[in-house]
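*Asks:* Quick one, structure for this:
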Amino acid sequence: MTGLPMGAHRSWTTEDTERLRLHIERGGSAARAAVMFKRTGQAVRAHASACGWKFPTIRELRRRATGSERYTPPEI
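*Replies:* Next up, the predicted model:
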C-alpha cells in the first residue's frame, strides 16, 4: 500500500510522465503501464489523455502481435 487515504492520488512526476510517453510511443498498452506505475488503468489513460497521447487500441495491438492487417482467431 502507498499509505494514502482511499480516494487520494499521487501526482505524476516529470520522470513518470516521460516514461509513460516512451511507453506509448513504443506501442505499450494501458494495462502494462498501470502495472509499471502501480496505478489504475483509468489513471494512466487519464494522464495520457491530459498530455494529448493515446494508447493503441486492442485491434492495433492484435494486428501488431500477429503481423497481419486483419486479426483472425486461431482455428479450433
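*Asks:* Now the least confident helix or strand in the chain by mean pLDDT - C-alpha only, PDB.
*Replies:* Ranked by mean pLDDT, DSSP states H and E, the weakest helix or strand in the chain is helix 58-66, scoring a mean of 80. Provided in PDB are the C-alpha atoms of helix 58-66 (Å, rounded to 0.1, in the frame of the first residue of the first chain):
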ATOM      1  CA  ILE A  58      -6.900  -3.600 -28.800                       C
ATOM      2  CA  ARG A  59      -7.200  -4.100 -32.600                       C
ATOM      3  CA  GLU A  60      -3.900  -2.300 -33.200                       C
ATOM      4  CA  LEU A  61      -2.200  -4.400 -30.500                       C
ATOM      5  CA  ARG A  62      -3.600  -7.600 -32.000                       C
ATOM      6  CA  ARG A  63      -2.600  -6.600 -35.500                       C
ATOM      7  CA  ARG A  64       1.000  -5.900 -34.300                       C
ATOM      8  CA  ALA A  65       1.200  -9.200 -32.400                       C
ATOM      9  CA  THR A  66       0.000 -11.300 -35.400                       C
END
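*Asks:* Okay, buried residues for it please.
*Replies:* If you call a residue buried by 16 or more other CB atoms under 10 Å, then helix 58-66 has these buried ones: Leu61. All C-beta spots, glycine's among them, are computed from the backbone N, C-alpha and C.
*Asks:* centroid residue for this protein?
*Replies:* Closest to where the C-alpha atoms of the chain average out (CA atoms, centre = their mean) is Ala30, at 1.8 Å.
*Asks:* May I ask which helix or strand encompasses Asp35?
*Replies:* In this structure residue 35 is Val, not Asp. Element membership for Val35 (DSSP states H and E) is helix 30-37.
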